[in-house]
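Colleague: my questions concern the predicted model and sequence given below.
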Amino acid sequence: MKHHLTYRATVTSCFLGYFTQAVAINLSPLLYVTFRNQFGLTLGQISLLIAINFGTQFLTDALSSFLVGKVGYRSATVGAHITAALGLCGYAFLPFLLPPYAGLIISVVLCGVGGGLIEVLISPMIEACPTPADEKSAHMSLLHSFYCWGQAAVILLSTLFFFAAGIENWRILPVLWAVVPATGAVLFTLVPIYTLPGDDGKPSYGLLFRSRAFWLLAVMMTCAGAAEMVMSQWASTFAETGLGVNKALGDLAGPCLFAALMGVARLLSAKLSKTIPTHRMMTVS
């Protein structure tokens with residue numbers, strides 16, 4: 001079957017991969033208040049979950065090149081999706097099979113590993129697809145917008161679930177969302193996998209660390225990432241507990257609106273990439 005698929009199927013699977021990353025990373029913040037009430041967590045413990053989530057993604061990103069060099073892109077990508085699916089299912093089961101906080105930590109780590117791997121594997125894969133040269137920048141912006149649409153979809157559909165089924169049945173929700181990474185795992189066993197010339201999974205960190213452009217981009221990504229993490233991880237909890245608004249309004253007015261606007265910005269970037277130089281768009285951003 002895979003021999004009849006073209007790079008377009010790979011591109012579609014990559015878009016779903018970034019959607020999967022959004023599911024794995026952004027579902028748990030919607031449940032922080034529920035975790036706090038049901039398992040007696042403190043805000044300090046919730047903060048530690050966020051730190052573990054971010055730290056796991058960071059460590060996974062750093063080690064991913066060595067993993068890819070050992071097992072290859074296809075196995076690593078399929079494994080990332082399976083890990084994300086296990087992490088999502090873990091939220092529903094592990095806190096009730098283990099000490100609750102330990103169960104949540106394991107689930108967060110699994111989702112962080114899956115989401116971190118997806119982030120670093122998908123971008124070079126879609127860059128390597130044989131798309132027309134003048135469309136590559138637009139495809140990359142569109143790819144990253146799927147993270148935003150995934151985040152917005154997680155919030156909107158989860159809010160509808162809570163309204164229909166009740167927050168007390170929250171354990172069903174992560175299992176339902178686990179269907180997304182499970183689907184991605186199947187797709188990446190079938191689609192063609194493309195890699196960039198010379199991409200053998202062996203990074204040259206010495207050369208990288210001597211680059212001034214690398215450190216400039218690292219600072220920019222740190223600042224942008226911090227702003228995004230605050231909005232995606234804390235906005236729902238702050239609105240619900242700090243502002244006293246109901247959960248649906250807090251989720252929709254906070255992280256959902258943020259994700260939607262971020263997605264629109266990335267779509268505009270894709271549309272304008274042929275007429276406005278990238279460095280100008282970065283400066284304005």
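Modeller: Looks like it came in fine. Residues are numbered from 1 along each chain as shown.
Colleague: only C-alpha atoms for contact and neighbour calcs from this point on.
Modeller: Will do.
Colleague: tell me the average confidence for the helix or strand harbouring residue 103?
Modeller: Element membership of residue 103, judged by DSSP states H and E, is helix 100-128. Helix 100-128 shows a mean pLDDT of 91.
Colleague: check which residues of it are buried.
Modeller: Going by neighbour count (16 or more other CA atoms under 10 Å), the buried part of helix 100-128 is 100-101, 103-128.
Colleague: which strands and helices sit next to that helix?
Modeller: Packing partners of helix 100-128 (3 or more CA pairs under 8 Å, 6 or more residues apart in numbering; DSSP states H and E): helix 7-26, helix 43-71, helix 73-97, helix 136-165.
Colleague: so for residue 178, which of those sits nearest?
Modeller: Proximity to residue 178 (CA to CA) singles out helix 73-97 among the helices and strands packed on helix 100-128, at 4.7 Å.
Colleague: tell me the average confidence for that closest one?
Modeller: pLDDT averaged over helix 73-97 gives 95.
Colleague: ok, stretch 265-279 next?
Modeller: Mean per-residue pLDDT for stretch 265-279: 73.
Colleague: CA atoms of that stretch as CSV?
Modeller: The C-alpha coordinates for stretch 265-279 follow below in CSV (Å, rounded to 0.1, in the frame of the first residue of the first chain):
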residue,chain,number,x,y,z
ALA,A,265,-0.7,34.6,12.4
ARG,A,266,1.0,31.5,11.0
LEU,A,267,-1.4,31.2,8.2
LEU,A,268,-0.7,34.9,7.3
SER,A,269,3.0,34.1,7.5
ALA,A,270,2.5,31.3,5.0
LYS,A,271,0.5,33.5,2.6
LEU,A,272,2.9,36.4,2.8
SER,A,273,6.1,34.4,2.7
LYS,A,274,6.6,35.0,-1.0
THR,A,275,6.3,38.8,-0.8
ILE,A,276,7.7,39.7,2.7
PRO,A,277,11.2,38.6,3.7
THR,A,278,11.3,36.3,6.7
HIS,A,279,13.6,38.5,8.8
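Colleague: any idea how far residue 279 lies from residue 180?
Modeller: As judged by CA to CA, to the nearest Å, residue 279 and residue 180 stand 35 Å apart.
Colleague: measure how the helix holding residue 103 sits relative to helix 7-26, angle-wise.
Modeller: Counting by axes from the mean of the first three to the mean of the last three CA atoms, to 10 degrees, helix 100-128 lies at 150 degrees to helix 7-26.
Colleague: now helix 100-128 and helix 43-71, what's the angle there?
Modeller: Angle, helix 100-128 to helix 43-71, by the same axes, to 10 degrees: 40 degrees.
Colleague: centre of the chain to helix 100-128, how far?
Modeller: Chain-centre distance of helix 100-128: 7 Å, with CA atoms, centre = their mean, to the nearest Å.
Colleague: cool, stretch 36-55 as well?
Modeller: The answer for stretch 36-55 is 19 Å, by CA atoms, centre = their mean.
Colleague: point out where this structure drops to low pLDDT.
Modeller: 1-3, 133-138, 197-206, 208, 229-255, 270, 273-274 (pLDDT under 70).
Colleague: if we use 80, what do you get?
Modeller: Filtered on pLDDT under 80, the chain yields the residue ranges 1-5, 7, 62, 64-66, 69, 131-142, 144, 195-214, 217-218, 221-285.
Colleague: a markdown table for the helices and strands packed on helix 100-128, including distance to residue 285 and mean neighbour count?
Modeller: Listed next are the helices and strands packed on helix 100-128 as a markdown table, based on distance: least, CA to CA, whole Å; neighbours: other CA atoms under 10 Å:
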| stretch | distance to residue 285 | mean neighbour count |
| --- | --- | --- |
| helix 7-26 | 22 | 24 |
| helix 43-71 | 23 | 17 |
| helix 73-97 | 31 | 23 |
| helix 136-165 | 14 | 20 |
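Colleague: can you tell me which of the ones you listed is nearest to residue 267?
Modeller: For residue 267, the closest of those is helix 136-165, at 6.0 Å, according to CA to CA.
Colleague: that older thread, now distance to residue 220 too, for the helices and strands packed on helix 100-128, in JSON lines please.
Modeller: Below are the helices and strands packed on helix 100-128 laid out as JSON lines (distance: least, CA to CA, whole Å):
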{"stretch": "helix 7-26", "distance to residue 220": "21"}
{"stretch": "helix 43-71", "distance to residue 220": "16"}
{"stretch": "helix 73-97", "distance to residue 220": "26"}
{"stretch": "helix 136-165", "distance to residue 220": "17"}
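Colleague: and residue 184, how far from residue 17?
Modeller: Counting by CA to CA, the gap from residue 184 to residue 17 is 6 Å.
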